[in-house]
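A predicted structure for the sequence below; I have some questions about it.
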Amino acid sequence: MEAQAVWPPIRLTLELAGITTVFLLLLGTPLAWWLARTRSRLREPVAALVALPLVLPPTVLGFYLLLALGPEGPGGFVARLFGEPSLAFSFPGLVIGSVIYSLPFAVQPIRGAFEALGNRPLEAAATLRASPWDAFWSVAIPGARSGLVAGAVLGFAHTVGEFGVILMIGGNIPGTTRVLSIAIYDHVELLEWETAHWLSGGLLVFSFAVVSLTLSLTRRREADPA
Amino acid sequence: MEAQAVWPPIRLTLELAGITTVFLLLLGTPLAWWLARTRSRLREPVAALVALPLVLPPTVLGFYLLLALGPEGPGGFVARLFGEPSLAFSFPGLVIGSVIYSLPFAVQPIRGAFEALGNRPLEAAATLRASPWDAFWSVAIPGARSGLVAGAVLGFAHTVGEFGVILMIGGNIPGTTRVLSIAIYDHVELLEWETAHWLSGGLLVFSFAVVSLTLSLTRRREADPA
Amino acid sequence: MSASAGPEPGLSADLRGAVGSFRIEAGLEAPAGRVTSVFGPSGAGKTTLLRAVAGLTRLDGRVSAFGEVWQDADGAFVPPHRRGVGFCFQEPALFSHLTVAENLAYARRRAPERPGAPVSAAVVERLELAPLLDRTPAGLSGGERQRAALGRALLSNPGVLLLDEPLSGVHLGARGRILDWLRGLARDLGLVVLQVSHDLGEVIRFAHRIALISDGRITAIGPAGTILAGEGIRAPRFEASVVLVARILDTADAAGLSTLDLDGQRLRVAGMGGQPGRPVRLRVRARDVALATTRPEGLSIRNVLDGVIRELRDQPGTPFIEVVVAVGGAGSRNLLLARITRAAATELELAPGRPVHVLLKSVCLEDP
Amino acid sequence: MSASAGPEPGLSADLRGAVGSFRIEAGLEAPAGRVTSVFGPSGAGKTTLLRAVAGLTRLDGRVSAFGEVWQDADGAFVPPHRRGVGFCFQEPALFSHLTVAENLAYARRRAPERPGAPVSAAVVERLELAPLLDRTPAGLSGGERQRAALGRALLSNPGVLLLDEPLSGVHLGARGRILDWLRGLARDLGLVVLQVSHDLGEVIRFAHRIALISDGRITAIGPAGTILAGEGIRAPRFEASVVLVARILDTADAAGLSTLDLDGQRLRVAGMGGQPGRPVRLRVRARDVALATTRPEGLSIRNVLDGVIRELRDQPGTPFIEVVVAVGGAGSRNLLLARITRAAATELELAPGRPVHVLLKSVCLEDP
Amino acid sequence: CEPVRVAVASNFLAAAREAGVVFERATGCPLSLSAGSTGQLYAQIAQGAPFEVFLAADSERPERAEREGLAVPGSRRTYAVGRLVLFSPTPGLPLSGQTLADPGVRRVALANPRTAPYGRAALEAARTLGLESALASRQVVGTNVAQALSFVLTGNAEVGFVALSQVVDRSGSSWLIPETLHSPIRQQGVVLARGRRAEAAAFLDFLASGEIRELLARRGYRTD
Ligand SMILES: Nc1ncnc2c1ncn2[C@@H]1O[C@H](COP(=O)(O)OP(=O)(O)OP(=O)(O)O)[C@@H](O)[C@H]1O
Ligand SMILES: Nc1ncnc2c1ncn2[C@@H]1O[C@H](COP(=O)(O)OP(=O)(O)OP(=O)(O)O)[C@@H](O)[C@H]1O
Ligand SMILES: [Mg+2]
Ligand SMILES: [Mg+2]
């Protein structure tokens, strides 16, 4: 009975954080690339826009997302194409919300890494017949690896702990939108502190392992000065 | 009456976010410096540790902070020196909580910028008689400026919107710990959506202005390839 | 010099524009199979010119190579990665996330096949990269990085090779060997090589043609001999030199000396290989040439040519004059330059039309 | 050369250790007021050596300068910023967030006062930095960056100047002027200058002393003349040369020539300033020296010295031999080196003890 | 039987779980409980959340749901009446109204009077006792009663107004606030428009059954 209650949220959390991280990288990388390289006047406004969801309290942001995903919002329109009344209270809705909420944390380090890379490696790639697309994959992405890892780790961690947004747009529905953080929240609300401690402790240990492993594995060895 | 209710939280929010940002930079910069330059085995574990508060739901983190700040925790010990039973429900307590909660977002971009800077400018500074301390201020900090700005902006925005932790350790005391995010939340909770919209809109516009101004002013001009 | 006479169609650029506050307006022709050196002071615009040819910096004007238009006034602009240029940047730009071997493979994988182009093994051998292959660029010395970057550029099989001081950090011996090999490659594969160098020795040794650039303008361009004998290279005056074309009569004998024919006169030079009958280029520096009015006796200088003074060029502000001497009869293009003191010229009563003996230290003759 | 004879105490280093897989074990003495060139092939460990002297790379061993111990076997280690070294990195490391003027000011502000040290204005003028002052490093050409970095290093008033190919991207004329000025500064201020260069011409012109390095070991170290005449510099054999010490008799006359005394014989050289009576150093390359058994007539070569052959050094595998000639009588340290073909030596019947006339093209004499 | 989807105010979650077990045993129909604050649950219901029954912490929002056509008309009823206590984890304290004015009591925790029914009741009680200003000067406010209790349990507040249901089986001292000091905390429930099936209405009816009344009484709720 306990295991039954504990495992679905864990599975759901990992699924959500994993898929969200994938989307964060898919969306955040081109966005960071554009921000790092454009000379458009829109650059800083767009950067600010990406960071904006941050300043809203998660429940409030969640509330607006709820409106956007709900039957009267664009999300509802999309959902109706699939025969659903609303994107809220669904797993895809959670992913959308998490991505919006964690995007700035993914974009920032990636942008920084692209900027630090500079123009020269891309120019070198071009003179070696690499098209911009080829150079992006073969030079920019590996060159910005540590930024991508940092962005993914922050995005993943933030999604795991994210709470207000998910509670609001997910509705705490067991098996569909009830992720671990909400499950822990429920225990807190029930004053079942013991269980909350155990779950939190497990979450911490697990996350610590995942994060420090990722960081150690992928961070490049210190470049020796030469 | 409305103005009376609205302005104190706004002032408090700005104060909290401002002071938190200062502390984030004060703590995050040396930490990022260490992370960027140490060859200690502890590096990645420490980096993971900094990111860890992220994975906890804010209410849970808030609960642990309550314990830490309370009479039986270290916070209570400190508080007693000032004749208070606890650091919870006080402005300093909020600052502590906010700093812990937003630290990873400040540390990450700063660390990235320090790493991108590399060893060479610091070596050059040393051969120009700059002590490590001098070089840190005269070379590393200006050289990592864009990372510092990004860290400050993310930290500031996250503190403005931060909510669960503040809710938990703040006690919602008007003028002391009742920040804007809590005020907006109350309106949503009471189904006073109109007021919530207005406050959120104002917050967004204001934050957008602050953030995009900061970014535009401080981001260095694109370096021309030469 | 290859058997096929005359420059083949190669690169032609006519560019104008500005980088920051620096204005450039430079026209340039660089034939295929030849090395064209771009020579000029620091800040003259050499790097800018090379970057514009590669399409990395966009200037106005026309660039075409091998009959293909890379950019023109109508707005045509072939992006850098479709120009097939190899570029050695002034500060080597190896990919720091790849080892040397992977850097080379990066180029090789994207290169088209080209019969006769050097394969990886040859490049690694010639540039002595074998011990470096598994290292990342951060662990290389300055010269090692330059060699690796050159190797990478070569392995992309470019039609136009743009070298911005490619070997400034490589020591003399290796540099010479590498440059000779590059010259051979350029000739055999019909490459356009455009090379920037500050090292006059390198230019003299390496360049078929020289373009002098200063302040964003090409001030002179032409065959190396003409430019080196001309007024163009002012600064290191004492390095003035000419290039002569002679024919091999006899390859190195037991003493290690070869005999050459220079418009009917004999020269003995150290260790030259090659087919008898083949033309060779000799570089003679003005400072290595002495003149005598009577044929000298008992002298260690073995090469004495007969010539006629064409012109005396005064070098104001110095105690020297340069004497231009025709050594191959009236119609010959073989002119020699002698740098002697004005006092000596006066004492020997040197004047145009006067026959003189030209003394060349044999050691000064080398295949450039 | 300053009036005070002999090298003053300067830098002394004896280092051993490894960087990655590269092992270095190098001892070095560099006197104050002198330029010591570190010469060796790419990857020999020149940069590593300079970095270790500056304390940027920590190796085992001892380093001391001006009587002060910078590091020793007991673990003493003075950090780089207290060593008072100026360092020009192989790839110029200007601060990219500062303009050129600010880069210079950065050094100046942290430098101690030192009477006679060049002030900003002088550095800006000598290095031609005036038009660059307001630019950031990103907008500079390669050579401009190197000049700015050199200026910055000078303005920190270092006692030890470590130059890792400081002017590889600067053209010959300016490079010569700058190097001459640096030599003067080193002498006047008693600086230790340790300079890496691949350019033998630069080394010959600039170095008082040369340290040959190869594979992490110093293979030879000593006065420039000795090293250049010695067996050490193998590769560019034809560049062998010696350094002579002469005295000024007469400074430049109307024709721009000065008269020098070399152990009782007269020499006429181009444009040399300085006090009559002062000693000067002359560099003579073996390839610029010819020998004659009868005094030549009607020749443009004006400097003919009488000497006695000391030794014939065969150069196996080449058609050349080197002839060592004493020109200053029995006890003189002034030896000249002539590089001539073996055929010529045979024909002229050259042998030790035989008196010969030594021909020097006056243009080849220069203050090194 | 498809689980009945119930949106439940957080303070009633524990009781709802227990009731769910009984309900399933009786009808074979399980519950799917989604907890949250009443305002948040309402917003979600307004946006089409798939809930069938709404167990609010107050009566206003079920009323509003009924008014706005989100609920089945006439299904609204009070399922429990909450009891307010002043609580301290320290056993043996003589707590009373005067505790609020005790200078030794630095902080009093309560739920947000603006949004949470227990908070509003606490404020009313203080007002009735004439201790409103005494409370105002030392109150610390949590979003809901659970937070208010956390403040007390972690020692950051000496006493707090919490729900009796939270502390029935906890050691400590408590003063059950007389219901005369505040208007009753009526927790109402409605069947939602999406819950037009027998099981949904059956569950709300079931909460009024004798077995459940007993259960609620044991848990610290009064039933009408
Ligand atoms: N962004 C810029 N703003 C202003 N001036 C610039 C900029 N980029 C380049 N320049 C100037 O253009 C001139 C030409 O630069 P370029 O790099 O082509 O010189 P170069 O001939 O390669 O010199 P070097 O031999 O020193 O490398 C230099 O004077 C340089 O300062
Ligand atoms: N981290 C490292 N790992 C392995 N080898 C290294 C590392 N750093 C330097 N080396 C090697 O040490 C040797 C000496 O390097 P150094 O930079 O001192 O050479 P250098 O004499 O300055 O050469 P150059 O003239 O090409 O600059 C080189 O062969 C280089 O590859
Ligand atoms: Mg350049
Ligand atoms: Mg080096």
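Right, received. Where do you want to start? Values in this document were obtained by computation on a predicted structure and should not be read as measured data. Ligands and ions are numbered 1, 2, ... in the order given.

Can you give me the end-to-end span of stretch C:115-125?
Start and end residues of stretch C:115-125 are separated by 19 Å (CA to CA, to the nearest Å).

what does it contact?
C:104-105, C:108, C:111, C:126, C:129-130, C:133, C:151, C:154-155, C:157, C:185, C:188-189 (CB atoms under 8 Å, 6 or more residues apart in numbering or on different chains). C-beta: built from backbone N, CA, C; applies to glycine.

If we use 7 Å, what do you get?
C:104, C:108, C:130, C:151, C:154, C:155, C:157, C:185, C:188, C:189 (CB atoms under 7 Å, 6 or more residues apart in numbering or on different chains).

Could I get the average pLDDT for it?
For stretch C:115-125, the mean per-residue pLDDT is 83.

JSON lines please, covering the contacts of stretch C:115-125 and showing secondary structure, distance to residue E:120 and neighbour count.
Supplementary listing: the contacts of stretch C:115-125 in JSON lines, determined by DSSP: H, G, I helix; E, B strand; the rest coil; distance: CB to CB, whole Å; neighbours: other CB atoms under 10 Å in any protein chain shown:
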{"residue": "C:104", "secondary structure": "helix", "distance to residue E:120": "76", "neighbour count": "24"}
{"residue": "C:108", "secondary structure": "helix", "distance to residue E:120": "77", "neighbour count": "17"}
{"residue": "C:130", "secondary structure": "helix", "distance to residue E:120": "83", "neighbour count": "11"}
{"residue": "C:151", "secondary structure": "helix", "distance to residue E:120": "79", "neighbour count": "26"}
{"residue": "C:154", "secondary structure": "helix", "distance to residue E:120": "82", "neighbour count": "27"}
{"residue": "C:155", "secondary structure": "helix", "distance to residue E:120": "78", "neighbour count": "26"}
{"residue": "C:157", "secondary structure": "coil", "distance to residue E:120": "81", "neighbour count": "20"}
{"residue": "C:185", "secondary structure": "helix", "distance to residue E:120": "89", "neighbour count": "20"}
{"residue": "C:188", "secondary structure": "helix", "distance to residue E:120": "93", "neighbour count": "13"}
{"residue": "C:189", "secondary structure": "helix", "distance to residue E:120": "89", "neighbour count": "18"}
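
Quick check: of those, which lies closest to chain E?
Proximity of these to chain E (CB to the nearest CB) peaks at residue C:108, which lies at 58.4 Å.

What does residue C:129 show for phi and psi?
When read as degrees, to the nearest 10, the backbone of residue C:129 gives phi -90, psi -10.

That one: neighbour count?
23 (other CB atoms under 10 Å in any protein chain shown).

what's the spacing between it and residue D:164?
22 Å (CB to CB, to the nearest Å).

check contacts around residue E:71.
With CB under 7 Å, 6+ apart, residue E:71 has these contacts: E:54, E:62, E:65, E:190, E:191, E:192, E:193.

Contact partners for residue E:84?
Per CB under 7 Å, 6+ apart, neighbours of residue E:84: E:118, E:121, E:122, E:125, E:161, E:163, E:177, E:182, E:185.

Among those residues, which lie within helices?
Counting by DSSP state H, the part of those found in helices is E:118, E:121, E:122, E:125.

would a markdown table of these with distance to residue B:136, pLDDT and neighbour count be doable?
What follows is those, written out as a markdown table (distance: CB to CB, whole Å; pLDDT from 0 to 100; neighbours: other CB atoms under 10 Å in any protein chain shown):
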| residue | distance to residue B:136 | pLDDT | neighbour count |
| --- | --- | --- | --- |
| E:118 | 53 | 92 | 30 |
| E:121 | 57 | 94 | 25 |
| E:122 | 53 | 94 | 31 |
| E:125 | 58 | 94 | 25 |
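
which of the contacts of stretch C:115-125 lies closest to ligand 2?
residue C:130 (12.4 Å; CB to the nearest ligand atom).

For the closest one, which non-adjacent residue is closest in space?
Nearest non-adjacent residue to residue C:130, counting by CB to CB, 6 or more residues apart in numbering or on different chains: residue C:124, 5.5 Å away.

Name the residues of the helix or strand in which the one you found is found that come out as buried.
According to DSSP states H and E, residue C:124 maps onto helix C:120-126. Going by neighbour count (16 or more other CB atoms under 10 Å in any protein chain shown), the buried part of helix C:120-126 is C:120, C:123, C:124, C:126.

Which one (most neighbours) among the contacts of residue E:71?
Result: residue E:54 is most packed of these (other CB under 10 Å), 30 neighbours.

quick check, that residue in a strand?
Yes. Residue E:54: assigned to a strand according to DSSP: H, G, I helix; E, B strand; the rest coil.

In this structure it contacts residue E:9, no?
No. Using CB atoms under 7 Å, residue E:54 makes no contact with residue E:9, being 8.9 Å away.

Strands of the stretch 151-300 of chain C, residue ranges please.
Ranges of strands in the stretch 151-300 of chain C, per DSSP state E, counting those that start in this stretch, are C:160-164, C:192-196, C:209-214, C:217-223, C:241-250, C:257-262, C:265-270, C:279-285, C:289-292.
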